[in-house]
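Participant: Next come a sequence and a model predicted from it.
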Amino acid sequence: MMAPERFAQARPRLLRLAYSELGDVGEAEDVVQEAWLRLERTDTEAIENLDGWLTKVVARLALDRLRSARSRRETYVGPWLPEPLVSHDADPADRVTLDESVSYALLTVLEQLSPAERTAFVLHDVFDVPFGDVAEVVGRTPEAVRQLASRARRHVTSVRPRFAASHDEHDRAVRAFAQAVVAGNLEGLVAVLDPDVVWTSDGGGRATARRKPQRGGAQVARSWAALSRKTVRAPIEIELNGRLGLVLPFGDGHRAALSFVVGDGRITRIDAIRNPEKLRHLQVE
């Protein structure tokens, strides 16, 4: 198989890898395109393992962009949330792949890691890249990379739900939330929200959004009951990074894509992406 065909075959995996490192679809596409341009300028006959070569090139390019992005995100208006991957007719097989590799809940956790920790975790724990190859990407020894991945793993484990909700459990909670929002039902919202729920909203200065996360079931429920009066129609169901999410259209012309984490039948986290730049791929009107 010629290099262009091999690259086309590898492209979906490379995009998932770059997106996992960056949390930005456009940046991930740029990284993969740059990897293709580098491949065109390279003698492919000298590459023993093309898939491994492409993986390392994409990971290194994404790491460089991630390091420069950190300074930009420090001046971002309000919380910075990853750009969601949205689908309206996701294939069940793709759904499993997305859950395992680039779930939205995982991406929000990875934002709390250093660029090197995030890269080590994504490459080794998510994409099964050997530590020796990871070391070449981050420019450290294999032992140092093991420590980076271990620290990242401990952090991810400490903040993720102990038991992941099944798709049915997740969907029931999200739909109960949607029904309560439509009705402005405060009691219904309190019932579906975990007492320690965290709601984070990303407007990026381009749409109205809270500057800090809101915590607590009663407080979040009251806010959503009030906010329900500003929506122009019922929430629209979407597949967001392989899980059921919602789109809410608001009277100010903006929309919000909502991602949820569910544990023990209740919503423990709501991420609301309102920045229109991060919703440019969203086709729901």
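Facilitator: Perfect, thanks for sending it.

Participant: following the lowest-mean-pLDDT helix or strand in the chain, which helix or strand comes up?
Facilitator: For the chain, using mean pLDDT, DSSP states H and E, the weakest element among its helices and strands is helix 92-102, scoring a mean of 50. Per DSSP states H and E, the first helix or strand lying C-terminal to helix 92-102 is helix 104-110.

Participant: Tell me how far stretch 243-258 lies from the chain's centre.
Facilitator: Relative to the centre of its chain, stretch 243-258 is centred 16 Å away, using Cα atoms, centre = their mean, to the nearest Å.

Participant: ok, and what's touching that stretch?
Facilitator: Defining contact as Cβ atoms under 8 Å, 6 or more residues apart in numbering, one finds that stretch 243-258 is touched by 84, 86, 99, 103-104, 167, 170-171, 174-175, 177-178, 181, 201, 207-208, 230-233, 235-240, 259-260, 270-274, 276, 278-279, 282, 284. In short, each C-beta sits where N, CA and C put it, glycine included.

Participant: Next, the buried residues of that stretch.
Facilitator: Buried residues in stretch 243-258, counted by 16 or more other Cβ atoms under 10 Å: 243-250, 254-258.

Participant: Test my guess that residue 268 contacts residue 194.
Facilitator: Yes: in this structure residue 268 lies within contact range of residue 194 using Cβ atoms under 8 Å: 4.5 Å.

Participant: Roughly how far does residue 189 sit from residue 247?
Facilitator: Noted for residue 189: a distance of 18 Å to residue 247, by Cβ to Cβ, to the nearest Å.

Participant: should've said residue 14
Facilitator: Counting by Cβ to Cβ, the gap from residue 14 to residue 247 is 28 Å.

Participant: Just the buried ones from the contacts of stretch 243-258?
Facilitator: Among the contacts of stretch 243-258, those buried by neighbour count (16+ other Cβ under 10 Å) are 84, 86, 99, 103-104, 167, 170-171, 174, 177-178, 181, 201, 207, 231, 235-240, 259-260, 270-274, 278-279, 282.

Participant: Strands of the stretch 51-200 of the chain, start to end?
Facilitator: Using DSSP state E, counting those that start in this stretch, the strands of the stretch 51-200 of the chain run over 86-87, 193-202.

Participant: which helices and strands sit right next to the longest one?
Facilitator: Spelled out, it's strand 193-202. In terms of contacts (3 or more Cβ pairs under 8 Å, 6 or more residues apart in numbering; DSSP states H and E), strand 193-202 is packed against strand 214-215, helix 217-227, strand 266-273.

Participant: Figure out how far the shortest one is from the centre of its chain.
Facilitator: The gap between the average C-alpha position of strand 214-215 and the chain average comes to 20 Å, counting by Cα atoms, centre = their mean.

Participant: so where does the residue nearest to residue 87 when sequence neighbours are not counted fall, helix or strand?
Facilitator: Nearest residue to residue 87, sequence neighbours excluded (Cβ to Cβ, 6 or more residues apart in numbering): residue 239, at 4.3 Å. If you go by DSSP H and E, residue 239 is part of strand 236-240.

Participant: So what are the sheet partners of that strand and their directions?
Facilitator: strand 86-87 (antiparallel), strand 243-249 (antiparallel) (DSSP bridges).

Participant: Hey, what's the angle from that strand to strand 266-273? Just curious.
Facilitator: 90 degrees (axes from the mean of the first three to the mean of the last three Cα atoms, to 10 degrees).

Participant: gap between strand 236-240 and the chain center?
Facilitator: The chain centroid and the centroid of strand 236-240 are separated by 14 Å under Cα atoms, centre = their mean.

Participant: what about it, average pLDDT?
Facilitator: If you average the pLDDT over strand 236-240, you get 94.

Participant: Give me the contact list for stretch 50-68.
Facilitator: Residues contacting stretch 50-68 (Cβ under 8 Å, 6+ apart): 3, 6-7, 10, 14, 17-18, 21-22, 27-28, 30-32, 34-35, 38-39, 44, 47, 115-116, 118-119, 122-123, 127, 129, 133-134, 136-138.

Participant: Buried residues, it. List them.
Facilitator: Neighbour count says stretch 50-68 has 50, 53-63, 65-66 buried, by 16+ other Cβ under 10 Å.

Participant: Turn the strands of the stretch 51-200 of the chain into JSON lines, columns for mean pLDDT.
Facilitator: Compiled in JSON lines, those are given as follows (pLDDT from 0 to 100):
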{"stretch": "strand 86-87", "mean pLDDT": "78"}
{"stretch": "strand 193-202", "mean pLDDT": "97"}
